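Novice: Sharing a sequence plus its predicted fold:
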Amino acid sequence: MSTLVSIRNLTKTYQRGPEKVDVLHGIDLDIARGDFVALMGPSGSGKTTLLNLIGGLDAPTSGEIDVDGQRIDRMGAGELASWRSRNVGYVFQFYNLMPALTAQKNVELPLLLTKLGGAQRKRHAQIALELVGLSDRVSHKPAELSGGQQQRVAIARAIVSDPTLLICDEPTGDLDRHSAEEILGLLQELNREHGKTIVMVTHDPKAAGYASHTLHLDKGVLVEQPEHAA
């Protein structure tokens, strides 16, 4: 299995007033194409910071980040935005859906950055919604959907442009256990049946159990846990 994400000597330091806060310390990490990795660790350990760096939402203080042969740590803001739109799908804890738009229109949003016409965007959105089990909810707005259904719409939006990498930050953190298990099962299906590479931050050991293996961050240092069966 080839390496999709390669990280070397990655550091991240934030400036808070006069104080420098070192969040990540010399991280080395390889993520294989088609892997499903869970990132765990206590609050403040650097999980979301590392996730945002892998997804191109933030820039490192130093070190290298190579995703599918491209050094994203060397990209400027415009180039990075273009790279993200082509290569990364994002799933957040609180869905981030547009309340005035239907499920279909929410899913179409990333495609507005492409050259696809309106009919093509609609078809792509319908396929993505069908894949997440919401083909009967295309005309519903977020307020008319349950939390689990809203997260399914968010996942459809994340996969509609067929990204190389799915970045998930506490995707079940706002859901009840039943809805959470449905969402985790869907992510597992996207990984196993559709070959999506997934990196997921979670506090929940049960959620991490759906991943192929777990990485543990503590005080900005990465420790790999023994592999487990999902």
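Specialist: It's in.
Novice: and the closest residue to Pro110 other than its chain neighbours, what does it touch?
Specialist: Distance criterion Cβ to Cβ, 6 or more residues apart in numbering; nearest residue to Pro110, sequence neighbours excluded, is Ser161 at 5.0 Å. In this view, the C-beta of every residue, glycine as well, is placed from N, C-alpha and C. Residues in contact with Ser161 (Cβ atoms under 8 Å, 6 or more residues apart in numbering) are 85-86, 89, 110-111, 114, 124.
Novice: what's the answer for Glu64, then?
Specialist: Going by Cβ under 8 Å, 6+ apart, Glu64 touches 6-10, 71, 73.
Novice: Looking at those, which are in helices?
Specialist: Cross-referencing these against helices under DSSP state H gives no overlap.
Novice: where does the nearest residue to Gly195 once chain neighbours are set aside land in three-state SS?
Specialist: The shortest distance from Gly195 to any non-neighbouring residue, by Cβ to Cβ, 6+ apart, is to Gly34 (5.2 Å). What DSSP: H, G, I helix; E, B strand; the rest coil gives for Gly34 is coil.
Novice: Could you measure from Gly34 over to Ile72?
Specialist: Note on Gly34: its distance to Ile72, by Cβ to Cβ, to the nearest Å, is 20 Å.
Novice: neighbour count winner among those two?
Specialist: Neighbour count, other Cβ atoms under 10 Å: between Gly34 and Ile72, Ile72 has more, with 23 against 16.
Novice: Name the residues of stretch 142-156 that are buried.
Specialist: Within stretch 142-156, the residues that qualify as buried are 142, 145, 147-156, counting by 16 or more other Cβ atoms under 10 Å.
Novice: Same check on stretch 54-73?
Specialist: Buried residues in stretch 54-73, counting neighbours by 16+ other Cβ under 10 Å, are found at 54-57, 59-60, 63, 65-68, 72-73.
Novice: cool, stretch 201-213 as well?
Specialist: Within stretch 201-213, the residues scored as buried using 16+ other Cβ under 10 Å are 201-202, 204, 207-208, 210-213.
Novice: Let me have those in TSV, extended by pLDDT, distance to Pro99 and secondary structure.
Specialist: Shown next, in TSV, are these (pLDDT from 0 to 100; distance: Cβ to Cβ, whole Å; DSSP: H, G, I helix; E, B strand; the rest coil):
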residue	pLDDT	distance to Pro99	secondary structure
Val201	93	25	strand
Thr202	91	26	coil
Asp204	88	27	coil
Ala207	90	27	helix
Ala208	91	31	helix
Tyr210	92	29	coil
Ala211	92	31	coil
Ser212	91	35	coil
His213	89	37	strand
